[in-house]
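Novice: Could you look at this predicted model? Sequence included:
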Amino acid sequence: MNTDKVTSFLNLNASFRGPWTLLKKELLAFQTVAAPVITALLYLLIFAHVLEGHVQVYNGVPYTAFLIPGLIMMSVLQNAFANSSSSLIQSKVMGNLVFVLLTPLTHFQFFAAFLCAAIIRGLVVGLCIYLVAMWFVDIPIANPFLILAFALLGSALLGTFGIIAGIWADRFDQMAAFQNFIIMPLSFLSGVFYSIHSLPPFWQKLSQLNPFFYMIDGFRYGFFGRGDVSPLLSLSIVGASFLVLALITLKMLKSGYKLRA
């Protein structure tokens, strides 16, 4: 009986060693967080300088304070996507992805390792921006649970999207097109710098088709207790979107789409 328990423990330990090693590899491949933090601060300084005192979205909330949660979440999403997508495309182009595929990792373990690395990078970047932004303006926190929930779900959603993009792309220019023509427009048109209620009715409805809008608005709701839509609606849409993309990604990994020669 004791031998069986020891064997089971060793097998369980071995099953975690592979994905943990891959996760550590992805974490060690982190690029500096200074660049996205500086980029977010430049947006903050420019827009706050131009629009502070001229625009007020919520009563009693300065425009600079309104802007910060949107910039944080936008950076979280973009960096979560960049982490998983860039890692995969680099491995494919350099030809070392085969060494990962030769290991006895399951497609789910492969997915979990890349996803966790993307989430961690997104959260680290977001936390750094928040800590620096606190020097500029006092930012209230109305519901920390919503902040954490949207940060985790948002980074998970974009990390999964990044895995799909990394699997699909064969060259760096294809990945750049994915980033420039899909991720960037959806990010900037998601209500980071404005409330969609300031838009004409047609553009309001069009904005509500953008999943990034629900991640930004729900995250901002956690700070101010106010938003353009219900946080429960945003949470359900983001959660459902993540589940759909996760199932698609797992199917792609299981079939070996564009991964196996």
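Specialist: Great, that's in hand.
Novice: Report the secondary structure element holding residue 132.
Specialist: helix 107-133 (DSSP states H and E).
Novice: scratch that, residue 229 is what I was asking about
Specialist: Per DSSP H and E, there is no helix or strand for residue 229.
Novice: Next, count neighbours for it.
Specialist: By other CB atoms under 10 Å, the residues close to residue 229 number 15. Using the backbone N, CA and C atoms, a C-beta is placed for each residue, glycine as well.
Novice: That one contacts residue 216, doesn't it?
Specialist: No - counting by CB atoms under 8 Å, residue 229 sits too far from residue 216 to count as a contact (10.8 Å).
Novice: Return the list of helices and strands in contact with the helix holding residue 132.
Specialist: Using 3 or more CB pairs under 8 Å, 6 or more residues apart in numbering; DSSP states H and E as the contact test, the elements touching helix 107-133 are helix 2-28, helix 34-51, helix 63-94, helix 144-168, helix 231-255.
Novice: how about the second one: buried residues?
Specialist: Of the residues in helix 34-51, those scored as buried under the neighbour-count criterion (16 or more other CB atoms under 10 Å) are 36-37, 40-41, 43-44, 47-48, 51.
Novice: now, which of those sits nearest residue 90?
Specialist: Of all those, residue 36 has the smallest distance to residue 90: 18.3 Å, by CB to CB.
Novice: contacting residues for the closest one?
Specialist: 75, 78-79, 125, 129 (CB atoms under 8 Å, 6 or more residues apart in numbering).
Novice: now residue 217
Specialist: Contacts of residue 217 (CB under 8 Å, 6+ apart): 191, 227-229, 231, 234.
Novice: Taking helix 107-133 as reference, get the angle to the strand or helix carrying it.
Specialist: Under the criterion of DSSP H and E, residue 217 resides in helix 211-224. Angle between the axes of helix 211-224 and helix 107-133 is 50 degrees (criterion: axes from the mean of the first three to the mean of the last three CA atoms, to 10 degrees).
Novice: roughly how far is helix 211-224 from the heart of the chain?
Specialist: Distance, stretch centre to chain centre, for helix 211-224: 13 Å (CA atoms, centre = their mean, to the nearest Å).
Novice: follow-up on the earlier one: nearest to residue 223 among the contacts of residue 36?
Specialist: residue 129 (13.2 Å).
Novice: Quick one: neighbours of that closest one, just the number.
Specialist: Residue 129, neighbours per other CB under 10 Å, totals 26.
Novice: same deal with residue 251?
Specialist: 11.
Novice: OK, contacts around it?
Specialist: When contacts are counted by CB under 8 Å, 6+ apart, residue 251 touches no other residue.
Novice: Could you number the chain from 57 rather than 1 from now on?
Specialist: With 57 as the first residue, the last one maps to residue 307.
Novice: Need the pLDDT of it.
Specialist: With respect to pLDDT, residue 307 scores 95.
Novice: same thing with residue 201?
Specialist: Listed pLDDT for residue 201 reads 96.
Novice: repeat for the one 10 residues further on
Specialist: Among the per-residue scores, residue 211 holds a pLDDT of 96.
Novice: Nearest to residue 147 among the buried residues of helix 90-107?
Specialist: Ranked by distance to residue 147 (CB to CB), the buried residues of helix 90-107 are led by residue 92 at 21.9 Å.
Novice: Any figure for the gap between that closest one and residue 238?
Specialist: For residue 92, the distance to residue 238 (CB to CB, to the nearest Å) stands at 18 Å.
Novice: go on, residue 198?
Specialist: Distance from residue 198 to residue 238, by CB to CB: 32 Å.
Novice: same check, this time on residue 132
Specialist: Per CB to CB, residue 132 is found 17 Å from residue 238.
Novice: more crowded one of the two?
Specialist: Between residue 132 and residue 238, residue 132 has the larger neighbour count (other CB under 10 Å), namely 28 against 13.
Novice: Please give me every residue in contact with the more buried one.
Specialist: If you count contacts by CB under 8 Å, 6+ apart, then residue 132 has 178-179, 181-182, 207, 210-211, 214 around it.
Novice: Can you give me the separation between the spatially most central residue of the chain and residue 306?
Specialist: Central residue check for the chain by CA atoms, centre = their mean: the C-alpha nearest the mean position is that of residue 211, 2.5 Å away. Applying CB to CB, the value for residue 211 to residue 306 is 18 Å.
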